[in-house]
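> quick one, structure for this:
(4 chains)
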There are 2 protein chains.
Amino acid sequence: MAKSRSAPTLDDVAKMAGVSTATVSRCLNSPDRVVKATRERVQSAVDALGYTPNFAARVMAAKRSFTIGAIIPTMENAIFARGLQAFQEELHQRGYTLLVSSSAYKPEIEEEQIRTLIARGADGLLLIGHDRDPEIYDFLDQRNIPALVAWSYLPDSKLPSVGFDNRAAMFDLASHIIGLGHTRIGVISARVDGNDRARLRVQGIREAVADRGLQANNLTVIETSYEIENGAKAFSDLMNAATPPTAILCGNDVLAVGALRQAQKMGLDVPSDVSITGFDDIELARIVSPALTTVHVPHREMGHKAALQLIEMVENQTAGTGEQLATRIVNRPSLGKPASG
Amino acid sequence: MAKSRSAPTLDDVAKMAGVSTATVSRCLNSPDRVVKATRERVQSAVDALGYTPNFAARVMAAKRSFTIGAIIPTMENAIFARGLQAFQEELHQRGYTLLVSSSAYKPEIEEEQIRTLIARGADGLLLIGHDRDPEIYDFLDQRNIPALVAWSYLPDSKLPSVGFDNRAAMFDLASHIIGLGHTRIGVISARVDGNDRARLRVQGIREAVADRGLQANNLTVIETSYEIENGAKAFSDLMNAATPPTAILCGNDVLAVGALRQAQKMGLDVPSDVSITGFDDIELARIVSPALTTVHVPHREMGHKAALQLIEMVENQTAGTGEQLATRIVNRPSLGKPASG
DNA sequence: ATTTTTAATGTAAGCGCTTACAAATGACGT
DNA sequence: ACGTCATTTGTAAGCGCTTACATTAAAAAT
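Presented below is the predicted three-dimensional model:
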């Protein structure tokens, strides 16, 4: 096994360059405060030694970590992966590193992760959605840690948010579908408990139903967890009812794809026997056949803007204004008019 | 804006509990070295103050960070996202935190990320694939940082690896396809430069072709980058040749899905006009129609085992033995016998 | 040429924790 | 009773960096 030579320190560099540690530190952090000749001498010592600053020491002394923490429900979901990728790219661009944890959709894990990330000196936090124990907000407040919510925009929330209006997006889609003549609506939603995004989407549908004068009993909502198979199961439950829906709105594309496959398995044609719609517009939505009508969410833009906003909050001690992003309905063949009248 | 009360320190706890900082530290790190009464007194002070240890200080003093760094090409690819998720879960289980960076498939970015993660005190590193500048291996060696490679198993590599034999897996698939009677083979590969996984997959195909006595000119290989559209483009290039292939092997499922869609667009039936296969067995492979014949890779198992192995290397200063995981061919309708003779 | 102002560098005090070592306490054997 | 040994706790020295402040050198102003 290789002998481990421990990493060179600031002191080593200082000695080699014949200057004080303060000067070396300045060369690294504010080069303009050091005269060119010195800077070059220091630089060559750094190169010769292969010096890399020790992060922990730097954080401790500077009380800044250039680290941003993000806690997402899961990386396995393309929507988070994509937004997070854009978020990380922008962070990296601006000299920050990303610390990621996933909470597996469990509030208590999320809370623990928040504490961990803060203890690790995260300068700011990215959180998904608004629903969480108020205690957490107090904690963030008390510690004065900038935090931003993504994937859900709410104008008057505790934390500023960069995202879209889940309720309005689903309201529009549902209105459009009802406008097509559908009168019996099925909904396959993700679990709404502790998930404002899912809850608001369902609420948008309910409001559209009321708005269009449909009876509430024409609406059936099933809640299930995030897996293709659950979408399939929910679909067959919905279609086996006495008077099955003519359109099924799914809370996300993955559930919709599950429904779609189940339709095929049951010999039902989409959209002539039943229409199916998704939400998110992930790649999958374009690729299945029939392709899914869905709501397009600008995931990359969201990640990107969230990064900019959070960095702004961290660097200038500002409160963060949040930003609402537009979504749009993407019409594809999985949605049609209901059969007959 | 809330007054920022700065975080309570070990000292605060010690004072409140009427003990020394050493005792508080011991309560937290090796509780059995402290008598029960004291431990309880300290614990209540911790609770009352809402104390969380400062990570940077701890790292600096203990020279251990309980952080593992991972550098993956991109989070947007389901295969990495899934493996990484499993990796993170196992890490979390064992009290480690994951620091993630993505290199966007660029070696120079990867190198920079490696240095950054090490400077941040990562106790160990997870890297994807074996191809990289030897200098990096020297650096890792010199600093004595345990590192493990995943997604590619090689018995005699610089670093231990947990993964599968890309060459053999593709050799088997190609042999199977040739055994079905295909004689003109097209390959749509990811860029092989700096990517041993892609390179070895192509090599596996070449070896199978030679092994089965096919002329090398019956094999056409196109290299392209990772996007559905590129798979489509490569497919049409391949099929517009004078004597188009009867089977097209793709280096991954995403490229294969692109090829599949292009086939539909060109009015070609799969598999009767042309067979298409993928690699990875991501969800997409099951969902497209016809479903893709592909090579199943145990991504979650890989992430899980990589975590265990890396932790073992970190905690016991061992070299790491690596582990080869099995892949298997998943037969689905996108592969058939060639038309006519 | 001398004083004032400004720029460049050095000195040294922490940042919050861990841990080697020392000290104190108590249990035990003789 | 005393000394021995084990257990529990305290003391204090760093870990590698940043930065307020002191010092020195150089430039500008007189």
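
> residue of the stretch 151-300 of chain A closest to DNA strand D, please.
A:P160 (26.4 Å; CB to the nearest atom of the strand). Bear in mind the C-beta positions are built from the backbone N, C-alpha and C, glycine included.

> A:A56 against B:K63, yeah?
No - A:A56 lies out of contact with B:K63 (CB atoms under 8 Å); the separation is 9.2 Å.

> how about the longest helix seen in chain A, does it reach DNA strand D?
In terms of residue count, the longest helix belonging to chain A (DSSP state H) is helix A:299-316. No - counting by CB under 7 Å from any atom of the strand, DNA strand D is not contacted by helix A:299-316; separation bottoms out at 13.3 Å.

> next one: the helix or strand following that helix to chain centre, how far?
Scanning forward in sequence from helix A:299-316 by DSSP states H and E, the next helix or strand is strand A:323-324. Centroid separation for strand A:323-324 versus its chain: 14 Å, with CA atoms, centre = their mean, to the nearest Å.

> need the residues that contact strand A:323-324.
By CB atoms under 8 Å, 6 or more residues apart in numbering or on different chains, the surrounding residues in contact with strand A:323-324 are A:153, A:155, A:162-165, A:305, A:309.

> and if we set it to 7 Å?
For strand A:323-324, contacts defined as CB atoms under 7 Å, 6 or more residues apart in numbering or on different chains pick out A:153, A:162, A:164-165, A:305, A:309.

> please say which of A:A56 and B:K63 ends up with more neighbours.
Ranked by neighbour count (other CB atoms under 10 Å in any protein chain shown), A:A56 and B:K63 place A:A56 first, with 25 against 11.

> now do the SS call for the more buried one.
Of the three states, A:A56 takes helix under DSSP: H, G, I helix; E, B strand; the rest coil.

> how far away is it from A:F66?
Distance of A:A56 to A:F66, computed by CB to CB, to the nearest Å: 13 Å.

> what does A:I79 give?
27 Å.

> report the separation between the closest residue to DNA strand D within the stretch 201-341 of chain A and B:I205.
Closest approach between the stretch 201-341 of chain A and DNA strand D, counting by CB to the nearest atom of the strand: A:E315, at 13.3 Å. Distance, A:E315 to B:I205, using CB to CB: 51 Å.

> who's more crowded, these two?
B:I205 (25 against 13).

> do I have it right that the more buried one meets B:V187?
Yes - at 5.7 Å, B:I205 counts as touching B:V187 under the criterion of CB atoms under 7 Å.

> now the common contact residues for these two.
Residues touching both B:I205 and B:V187 by CB under 7 Å, 6+ apart: B:L249.

> tell me which element A:E135 falls in.
Under the criterion of DSSP H and E, A:E135 resides in helix A:134-143.

> tell me the strands beside the helix or strand just after that helix, with direction?
Next in sequence after helix A:134-143, counting helices and strands by DSSP H and E, comes strand A:147-150. Using DSSP bridges, the strands paired with strand A:147-150 in its sheet are strand A:124-128 (parallel), strand A:161-163 (parallel).

> can you say which of those strands is packed in most?
Highest mean neighbour count of the strands paired with strand A:147-150: strand A:161-163, a mean of 27 (counted as mean count of other CB atoms under 10 Å in any protein chain shown).

> ok, and the closest non-adjacent residue to the residue nearest in space to the middle of chain A?
When CA atoms, centre = their mean is applied to chain A, the residue found nearest the centroid is A:F80 (4.6 Å). The shortest distance from A:F80 to any non-neighbouring residue, by CB to CB, 6 or more residues apart in numbering or on different chains, is to A:I72 (4.6 Å).

> since that was my last question, I'll sign off now.
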